[in-house]
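[1] Got a predicted structure here, sequence first:
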Amino acid sequence: MSFSISLALTVILIPLVIRYRIIDKPNYRSIHTRETPKAGGIAILLGLLGGLFISGQGTALLALVLLMVGATTLGLLDDLKNLSPNAKLIAQLALALLTTASGYQFVLFGNLLDTAITVIWIIGLMNAFNLIDGMDGLAGGVAGIATLIFFALGVPSLETIALPLLGAILGFLIYNFRPAKIFMGDTGSMLLGYLLAVMGILVQRSAESPWVGGAVTLLILAYPLFDTALSIIRRKANHKPIFAPDRSHSYNLLMDHLGLGYLTTVFTVYGVTACGGLLGFLTYTRQSLALAAISLIVVIATMIIFVARYHLLAESRYEKH
């Protein structure tokens, strides 16, 4: 049901956002070359909410529903007003604190450090999905693969959210895949980053070992975390502000340094996400701390080797100086 609602609303949204000029205009950082409507995340949210309430789960998850509406609203305001980084950060901090107050919090140390880690995690994932939303179908596909893995873990509290979210993402992707008729915008990337952060918290809490659960979460969401870490390190290495926008994300560099085509780049990222997700799935199934540690070491080492081999700390040749 969430798939059908999201698909139908995406079709309806396209002329509406064009009419009200909620448009993404291409610039030197853009891979797309024409004006494209955005704020398609509204369709994802409403598709998800439709699935939750039709299945009778919406009322039980009312606090989370309100929080995800808050995340989407923040993204929509950014799409409309282009909020400053500080304004977004303050709003994300408030949302993260409300989330911990609602009971969605990591359990690692049993003290305030858990709250701090949770807040950083939520803010980090919201921004991570904003950063990877730079190619048709990329952020939605990564979120869909991660959501599918979360659903496959068989955690009841996750299944309730993951299945309707997956349907809503797939309904939107039909018009977001290349050539995209609409972008999700910050409206969608904030929502997806927020919800995947919450699902990661639920996984961590459901595992027999809190550290195994934490490792599983990191493995499933390894790609957006990698891209965010790479962006921060690269900007520091090139003496640029951390929040400065650029055209040197990992997917940009795959195209510009390795010469990969558009779809090849998107499917390469999908493959990386799926590999991390598979490792996370196996680690959760085994509930092995040793496997968790080995998996994380393998993933981190692979990423470091890949960055060094293909000079991914260097800026794209298309970067504006």
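    Perfect, thanks for sending it.
[2] from here on, contacts and neighbour counts on C-alpha atoms
    OK.
[3] His249 - how many residues pack around it?
    Neighbours of His249 under the rule other CA atoms under 10 Å: 21.
[4] Spit out the contact partners of it.
    Contacts for His249 (CA atoms under 8 Å, 6 or more residues apart in numbering) come out as Leu131, Ile132, Asp227, Leu230, Ser231.
[5] make it 10 Å
    The contact partners of His249, taken as CA atoms under 10 Å, 6 or more residues apart in numbering, are Leu131, Ile132, Gly134, Asp227, Thr228, Leu230, Ser231, Arg234, Leu312, Leu313, Glu315, Ser316.
[6] Tell me which two in those residues are the farthest apart.
    Gly134 and Leu313 (18.2 Å; CA to CA).
[7] just to revisit the earlier point, reformat the contacts of His249 into TSV and put distance to Lys240 next to each item.
    What follows is the contacts of His249, written out as TSV (distance: CA to CA, whole Å):
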residue	distance to Lys240
Leu131	16
Ile132	19
Gly134	20
Asp227	16
Thr228	15
Leu230	13
Ser231	10
Arg234	8
Leu312	16
Leu313	13
Glu315	11
Ser316	14
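[8] Now secondary structure too, for those residues, in TSV please.
    Below are the contacts of His249 laid out as TSV (DSSP: H, G, I helix; E, B strand; the rest coil):
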residue	secondary structure
Leu131	helix
Ile132	coil
Gly134	coil
Asp227	helix
Thr228	helix
Leu230	helix
Ser231	helix
Arg234	helix
Leu312	coil
Leu313	coil
Glu315	coil
Ser316	coil
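[9] Now those residues in TSV, please, with extra columns for pLDDT.
    As requested, those are arranged in TSV below (pLDDT from 0 to 100):
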residue	pLDDT
Leu131	92
Ile132	95
Gly134	88
Asp227	94
Thr228	93
Leu230	91
Ser231	89
Arg234	86
Leu312	81
Leu313	82
Glu315	73
Ser316	69
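[10] Neighbour-wise, which one of those residues leads?
    Ser231 (25 neighbours).
[11] Okay, strands next: where are they in the chain?
    Remark: strands assigned in the chain by DSSP state E are 23-24, 36-37.
[12] Next, work out how far apart Gly110 and Pro210 are.
    Gly110 sits 11 Å away from Pro210, going by CA to CA, to the nearest Å.
[13] ok, those two, which is more surrounded?
    A side-by-side neighbour count of Gly110 and Pro210, using other CA under 10 Å, places Pro210 first with 18 against 9.
[14] That one: what's it in contact with?
    Phe106, Val107, Leu108, Phe109, Val203, Gln204, Val216, Leu289.
[15] Taking those residues, please make a ChimeraX selection of just the buried ones.
    Entered in ChimeraX, the line below selects the buried ones among these, by 16 or more other CA atoms under 10 Å:
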select :106,107,108,203,204,216,289
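[16] Leu221 - how many residues pack around it?
    25.
[17] meant to ask about Phe226
    Phe226 has 17 neighbours, counted by other CA under 10 Å.
[18] With the one 3 residues further on instead?
    Counted with other CA under 10 Å, the neighbours of Ala229 add up to 14.
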